[in-house]
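Peer 1: Need a 3D model of the following:
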Amino acid sequence: MIKKRLIDDEGQINITPMLDVVFIMLIFFIVTTSFAKETGVDISRPTSSAGPSKKGNILIEVEASGEILVNKQSTSLAAVRSRIDTIHAEHPEHSAVLVAHSDARTGVLVQVMDHIKSAGVDRISVASATTD
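Peer 2: Now for the predicted structure:
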């Protein structure tokens with residue numbers, strides 16, 4: 001008689017030990033992340049006392065063509081200092097905002113800045129403008 005072998009067992013993989021390892025790793029990572037202290041540098045940011053200014057500004061614009069505008073009025077390079085002197089005498093607390101077009105000549109820009117400084121204006125802000 002031939003023995004019949006019953007092949008019921010198809011070679012299954014037991015995943016219980018793998019689940020135990022994964023569970024232990026999960027517990028390990030949860031515990032270590034809750035106790036990990038992040039190192040870093042405390043930054044003390046300076047505060048500005050300036051805030052929004054109630055003072056006005058003298059607006060000087062240098063166009064790409066070389067035209068100079070002081071408070072939206074066309075002015076020659078020679079007359080820039082006298083215009084700024086007049087405005088600065090009336091409002092000594094005003095600061096100057098120099099808006100230069102990106103294609104403006106640097107020489108003209110520097111001369112205008114010299115005129116502003118020689119007029120006695122202490123604070124000069126420089127901005128760039130482009131035309132689209």
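Peer 1: Tell me which helix or strand comes right after the longest helix seen in the chain.
Peer 2: The residue-count maximum for a helix in the chain (DSSP state H) belongs to helix 16-35. Next in sequence after helix 16-35, counting helices and strands by DSSP states H and E, comes strand 57-62.
Peer 1: Now that next one: buried residues?
Peer 2: Judged by neighbour count (16 or more other C-beta atoms under 10 Å), strand 57-62 contains these buried residues: Ile58, Leu59, Ile60, Glu61, Val62. C-betas here are computed from N, CA, C, even on glycine.
Peer 1: What of stretch 105-120?
Peer 2: Here stretch 105-120 shows Val108, Leu109, Gln111, Val112, Met113, His115, Ile116, Ala119 as buried, counting by 16+ other C-beta under 10 Å.
Peer 1: Averaged pLDDT, the helix or strand where the fifth one lies. What do you get?
Peer 2: When you say that, I think you mean Met113. Using DSSP H and E, the element containing Met113 is helix 106-118. Model confidence over helix 106-118, given as mean pLDDT, is 90.
Peer 1: residues touching the nearest residue in space to Ser125 that is not next to it in sequence, list them.
Peer 2: In space, and not counting its chain neighbours, Ser125 is closest to Val97: 4.9 Å by C-beta to C-beta, 6 or more residues apart in numbering. Contact analysis of Val97 by C-beta atoms under 8 Å, 6 or more residues apart in numbering lists Asn57, Ile58, Leu59, Ile60, Ile124, Ser125, Ala127.
Peer 1: roughly how far apart are Val97 and Glu67?
Peer 2: 17 Å (C-beta to C-beta, to the nearest Å).
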